[in-house]
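Engineer: Quick one: sequence and predicted model below, then my questions.
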Amino acid sequence: MNEAYNFTQSTYTMFPWFSNAQWASIRIAAGSIALGLFAFKIFTGENHPTRKMPERIPTTGFPPY
């Protein structure tokens, strides 16, 4: 029996699951999702100082209040 056949028989896939173009699209989508989640986490996190609003705005007593 040919030894090369036995060597390649277990590693050869006749029909790969994804083509090179599909792998590229999957990688781009995964990177976009990861970047989007990272940006969302940064923009909505509490890592920045916030100004407190005054409890009451001083008024002059004349309308409109």
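Structural biologist: Here it is on my side, so go on.
Engineer: only C-alpha atoms for contact and neighbour calcs from this point on.
Structural biologist: Will do.
Engineer: any idea which helix or strand carries residue 33?
Structural biologist: helix 20-44 (DSSP states H and E).
Engineer: Now that helix: average pLDDT?
Structural biologist: In this model, helix 20-44 carries a mean pLDDT of 95.
Engineer: hmm, who's touching that helix?
Structural biologist: Outside helix 20-44, not one residue touches it by Cα atoms under 8 Å, 6 or more residues apart in numbering.
Engineer: Buried residues in it, which are they?
Structural biologist: Within helix 20-44, no residue qualifies as buried by neighbour count (16 or more other Cα atoms under 10 Å).
Engineer: Next one: residue 33 from residue 18, what distance?
Structural biologist: Distance from residue 33 to residue 18, counting by Cα to Cα, to the nearest Å: 20 Å.
Engineer: typo on my end, it should be residue 51
Structural biologist: From residue 51 to residue 18 the distance is 51 Å (Cα to Cα).
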